[in-house]
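[1] sequence plus the predicted model coming up.
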Amino acid sequence: MIEININKLLHGSNGEMNLDVSLKINKGEFIALSGLSGSGKTTLLRILAGLESSNGTLKIDNETWLDNKFCLAPQKREIGFVFQDYALFPNFSVMENLLYVKKDKELANKLLQMTEMEELKNRFPSTLSGGQKQRVSLCRALMNRPKLLLMDEPLSALDPNMRTKLQSEILTLHKEFETTTIMVSHDPSEMYRLASRVVVLNQGKIINDGLPKDVLLKTKGSQKFSFEGELLDIVKVDVIHVAIVSIGQQLVEVVIGKDEVSTLKIGQKVNVSTKAFTPIIRGF
Ligand SMILES: Nc1ncnc2c1ncn2[C@@H]1O[C@H](COP(=O)(O)OP(=O)(O)OP(=O)(O)O)[C@@H](O)[C@H]1O
């Protein structure tokens, strides 16, 4: 069990903001930490890792990492940290990056095998793709079998296909090691796929905390489709007008009426929804 009770005054772009978080996390939980830019997500992870000071208390199992008299040094906290920009040692090979944390070749080989990186274990980071570097970074973070794995938008620099692949690998590693994990993410499908619980921060406070289906789904099973997107263009095809809307990685065409042509503006955020109907889903 991890018990977080911290507060810290932050200087945000709109003035001062109090990061004030109380959270209990059970062993093995996978938490997706979400929220608008500047809401305090990275600062919270840095406080947990001991990279930033804070008021309050942090307890992991029966161990105190922070209270009003004491702050455990980062290297003594059993934590793995995966950053968006990989943070690998450039002059160490893949294997050396892992063994630097712990001289456990068996575990290093197992992790590299699970992430399909075994063949590349003698390569240096500069010769790897972004997805491969992030796999090394993930493996390295698990080398000391941490009590807490912190990941700050680990997949946001990767293309959608690589993201999906790494999500599966993160899931496999989580099933195998059951490491308690907090991952910052802005991607609802990623959070839904990976997390057992979603916590949403706003202006330094938790405004939502629950199961992914309760926090992330807006339709609550109402048989209605509703997608948020951006209006890219309105084109005239014969006598009708078609709005081109970007939704996630997809382009969607929606026939619109004259009223909408005059009120919608290119670049505007829009909501595309349908009335109740029976959708057909086919695999491919
Ligand atoms: N050590 C600090 N002292 C005071 N203010 C800070 C400190 N670190 C960060 N801040 C401010 O706190 C706010 C929250 O920053 P933080 O990086 O935690 O947000 P975030 O939710 O991770 O944002 P993003 O999604 O853009 O990465 C920012 O406005 C930042 O300028």
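    Sure thing, it's come through.
[2] show me what contacts D209?
    Residues near D209 by Cβ atoms under 8 Å, 6 or more residues apart in numbering: 23, 197-200, 215. No exception for glycine: its C-beta is placed from N, CA and C like everyone else's.
[3] one more time with 7 Å, if that's ok
    V199 (Cβ atoms under 7 Å, 6 or more residues apart in numbering).
[4] quickly run through the sheet partners of the strand or helix carrying it, with directions.
    Per DSSP states H and E: D209 is located in strand 205-210. Applying DSSP bridges, strand 205-210 is found paired with strand 197-202 (antiparallel).
[5] give me the buried stretch members for the strand it pairs with, please.
    197-201 (16 or more other Cβ atoms under 10 Å).
[6] which residues sit against that strand?
    With Cβ under 7 Å, 6+ apart, strand 197-202 has contacts from 23, 29, 31-36, 39-41, 191, 206-212, 215-216.
[7] let's see it at 8 Å
    Counting by Cβ under 8 Å, 6+ apart, 21, 23, 29-36, 39-41, 44, 191, 206-212, 215-216 sit against strand 197-202.
[8] closest to the ligand among the buried residues of strand 197-202?
    Ranked by distance to the ligand (Cβ to the nearest ligand atom), those are led by L201 at 6.5 Å.
[9] just give the nearest non-adjacent residue to the closest one, would you?
    Distances taken as Cβ to Cβ, 6 or more residues apart in numbering put G35 closest to L201, at 3.7 Å, once the chain neighbours are dropped.
[10] test my guess that that neighbour contacts T42.
    No: judged on Cβ atoms under 8 Å, G35 makes no contact with T42 at a distance of 10.5 Å.
[11] so for those two, which residue has more residues nearby?
    Each of G35 and T42 has its neighbours counted (other Cβ atoms under 10 Å); G35 has more, 21 against 18.
[12] wait, what's in contact with G28?
    Applying Cβ under 8 Å, 6+ apart, the residues near G28 are 178-180.
[13] against H241, how distant is D259?
    Using Cβ to Cβ, to the nearest Å, we find D259 at a distance of 10 Å from H241.
[14] the two: who's more crowded?
    Neighbour totals were compared for D259 and H241, and H241 leads with 17 against 8 (other Cβ under 10 Å).
[15] using PDB, list the CA coordinates for the host helix or strand of that one.
    For H241, the element it lies in under DSSP H and E is strand 240-247. Extracted in PDB, the C-alpha atoms of strand 240-247 (Å, rounded to 0.1, in the frame of the first residue of the first chain):
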ATOM      1  CA  ILE A 240     -24.500  18.800 -50.500                       C
ATOM      2  CA  HIS A 241     -21.900  20.000 -48.000                       C
ATOM      3  CA  VAL A 242     -19.500  17.600 -46.300                       C
ATOM      4  CA  ALA A 243     -17.600  18.500 -43.100                       C
ATOM      5  CA  ILE A 244     -14.100  16.900 -42.900                       C
ATOM      6  CA  VAL A 245     -13.400  16.200 -39.200                       C
ATOM      7  CA  SER A 246     -10.300  14.900 -37.600                       C
ATOM      8  CA  ILE A 247     -11.100  12.500 -34.800                       C
END
